[in-house]
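J.: Got a sequence here, can you model it:
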Amino acid sequence: MLSVFVVPELTSSDVQIIDGDEAHHAMKVMRLNIGEEIVVTDGQGNWAQGAVSALDKKSFSIAVIRRGFEEPRAPELIVIQALTKSDRMRETIELLTVAGADRIIPWKAERSIAQEKESSTEKWNAVAIAASKQSRRVRFPVIESAITTKQAAQRFDGKMIVLHEAASNKFSSLKFVDSTPVVIVVGPEGGISEEELSLLSGTQVRLGQEVLRSAHAGFAALAAVQTLIQRW
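T.: Residues are numbered from 1 along each chain as shown. Got it, this is the predicted structure:
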């Protein structure tokens, strides 16, 4: 598949210019040459494909061959992810992005060790963009600011799939409606407290006999959902 590069805005012109960090990476790291085809996107579903037509010191251009727009998918795949340690959170965002999450909502769980910092959302967005490019996504996931358990319960009352190792329901027993968002709740390494479970009304399910790390559980759940709704 063709490499994907990000631009702030796609023009309607037959020529698209790519500059800044994306141009530096393309020319200095990937050694892009005249004639090579790539895809550029604004991350909002708009994309254009073209061949490199000119290389300058700090930018390059492509001659657009085709362009398109990827509509938002239904059902929307939402993951409410308990905050993990910074290195684990990076890994989590990467995994959720490549597995197809449409919206990632960090969660200030009772047993979360890490806390959201002022620059966290910006850093998480950067991770999601890089993972989107790697996985050839032209519609990037939305990364929200962290929410509390109460906020999650109020926003998604009764509509959540809560991953819990002691649940009696298997993930494979779930049924999905095309237009209804799929909201998956992933707890912290220390588990979801009983008080939180009582607030997070919905369906409690287990992925299997094995207990996954918090950073990996969302990826596994999304893979299962993608299979059950026949995208994969």
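J.: Which strand or helix spans the most centrally placed residue in the chain?
T.: Among the residues of the chain, the smallest C-alpha distance to the mean C-alpha position (Cα atoms, centre = their mean) belongs to residue 97, namely 2.9 Å. According to DSSP states H and E, residue 97 maps onto helix 86-98.
J.: Next: residue 54.
T.: strand 46-55.
J.: Check which helices and strands that strand is in contact with.
T.: Where contact means 3 or more Cβ pairs under 8 Å, 6 or more residues apart in numbering; DSSP states H and E, strand 46-55 is packed against strand 15-19, strand 37-41, strand 59-69. The way it works is simple: take the backbone N, C-alpha and C, and place the C-beta from them, glycine included.
J.: which strands and helices sit next to the helix holding residue 97?
T.: Contact here means 3+ Cβ pairs under 8 Å, 6+ apart; on that basis helix 86-98 packs against strand 77-82, strand 103-107, helix 120-134, helix 214-228.
J.: Buried deepest among these, which one?
T.: When you average the neighbours per residue for each of these (mean count of other Cβ atoms under 10 Å), strand 77-82 leads with a mean of 27.
J.: name the helices or strands packed onto it?
T.: Looks like strand 77-82 contacts helix 86-98, strand 103-107, strand 182-186, helix 214-228 (3+ Cβ pairs under 8 Å, 6+ apart).
J.: Could you check the angle the last one makes with strand 182-186?
T.: Which is helix 214-228. Relative orientation of helix 214-228 and strand 182-186, computed by axes from the mean of the first three to the mean of the last three Cα atoms, to 10 degrees: 160 degrees.
J.: For helix 214-228, which helices and strands make contact with it?
T.: Here helix 214-228 is seen to pack against strand 77-82, helix 86-98, strand 160-163, strand 182-186 when contacts are counted using 3+ Cβ pairs under 8 Å, 6+ apart.
J.: related to what we said a few turns ago, possible to save the helices and strands packed on strand 77-82 as TSV with distance to residue 133 and mean pLDDT?
T.: Rendered in TSV, the data for the helices and strands packed on strand 77-82 read as follows (distance: least, Cβ to Cβ, whole Å; pLDDT from 0 to 100):
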stretch	distance to residue 133	mean pLDDT
helix 86-98	10	91
strand 103-107	17	97
strand 182-186	24	97
helix 214-228	18	95
